[in-house]
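Trainee: structural data only, the sequence is not supplied:
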């Protein structure tokens with residue numbers, strides 16, 4: 001890796017992606033997660049048995065309607081949560097940073113940062129990637145790094 005120069009090796013993008021689903025995998029993954037829970041699987045089996053005339057105990061809709069309602073509400077909640085995750089990801093990925101180049105300072109978004117880039121990180125700004133700190137503005141040469149995004153603790 002050479003600082004400030006393109007690298008010949010392919011590295012992963014510096015992009016935050018916390019979403020669980022995409023358009024194709026949403027329904028299968030949500031259904032799998034729901035029916036892996038025993039109680040939902042039990043109610044599915046009961047609802048299926050109500051489709052067989054000899055095993056029918058009650059009306060078909062009395063067993064399918066509650067199950068469909070619970071699955072529908074769960075799917076709506078999962079879609080809402082995943083949409084919120086996508087918006088947060090877009091916010092983090094579009095955060096502006098300054099990249100130091102031989103031609104001067106260039107403004108880029110955090111998802112455009114590549115291995116070997118020299119990034120200028122200002123006070124109270126998130127660290128957008130794994131970095132090696134080369135210099136600080138403190139006279140003693142020290143810096144304070146909050147790690148609450150890594151370990152979840154906010155006791156500072």
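Mentor: Perfect, I can see it now. All values reported here derive from a predicted model rather than from experimental measurement.
Trainee: in this protein, which spans are helices?
Mentor: Secondary structure of the chain by DSSP state H: the helices cover 26-35, 38-49, 60-93, 148-151.
Trainee: now those in TSV, with distance to residue 120 and mean pLDDT?
Mentor: No exception for glycine: its C-beta is placed from N, CA and C like everyone else's. Shown next, in TSV, are those (distance: least, C-beta to C-beta, whole Å; pLDDT from 0 to 100):
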stretch	distance to residue 120	mean pLDDT
helix 26-35	39	95
helix 38-49	51	92
helix 60-93	18	93
helix 148-151	20	68
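Trainee: quick one: contacts for the closest residue to residue 27 other than its chain neighbours?
Mentor: Of all residues not flanking residue 27 in the chain, residue 75 sits nearest, at 7.6 Å (C-beta to C-beta, 6 or more residues apart in numbering). Contacts for residue 75 (C-beta atoms under 8 Å, 6 or more residues apart in numbering) come out as 26, 27, 30.
Trainee: over to residue 144?
Mentor: Residue 144 neighbours (C-beta under 8 Å, 6+ apart): none.
Trainee: check what pLDDT it gets.
Mentor: Per-residue confidence (pLDDT) for residue 144: 79.
Trainee: one more: residue 155?
Mentor: For residue 155, the predicted pLDDT is 53.
Trainee: pick out the residue closest to the middle of this structure.
Mentor: When C-alpha atoms, centre = their mean is applied to the chain, the residue found nearest the centroid is residue 18 (0.7 Å).
Trainee: report the outermost residue of the protein with respect to its centre.
Mentor: Largest centroid distance in the chain under C-alpha atoms, centre = their mean is residue 54 at 47.7 Å.
Trainee: what count of nearby residues applies to the residue nearest to residue 63 when sequence neighbours are not counted?
Mentor: In space, residue 63 comes closest to residue 47 once its chain neighbours are excluded; the distance is 4.2 Å by C-beta to C-beta, 6+ apart. Neighbour count for residue 47, taken as other C-beta atoms under 10 Å: 18.
Trainee: coming back round to it: list the contacts of the closest residue in space to the residue nearest to the centre of the chain that isn't next to it in sequence.
Mentor: Of all residues not flanking residue 18 in the chain, residue 85 sits nearest, at 4.8 Å (C-beta to C-beta, 6+ apart). The neighbours of residue 85, taking C-beta under 8 Å, 6+ apart as the test, are 18, 19, 20.
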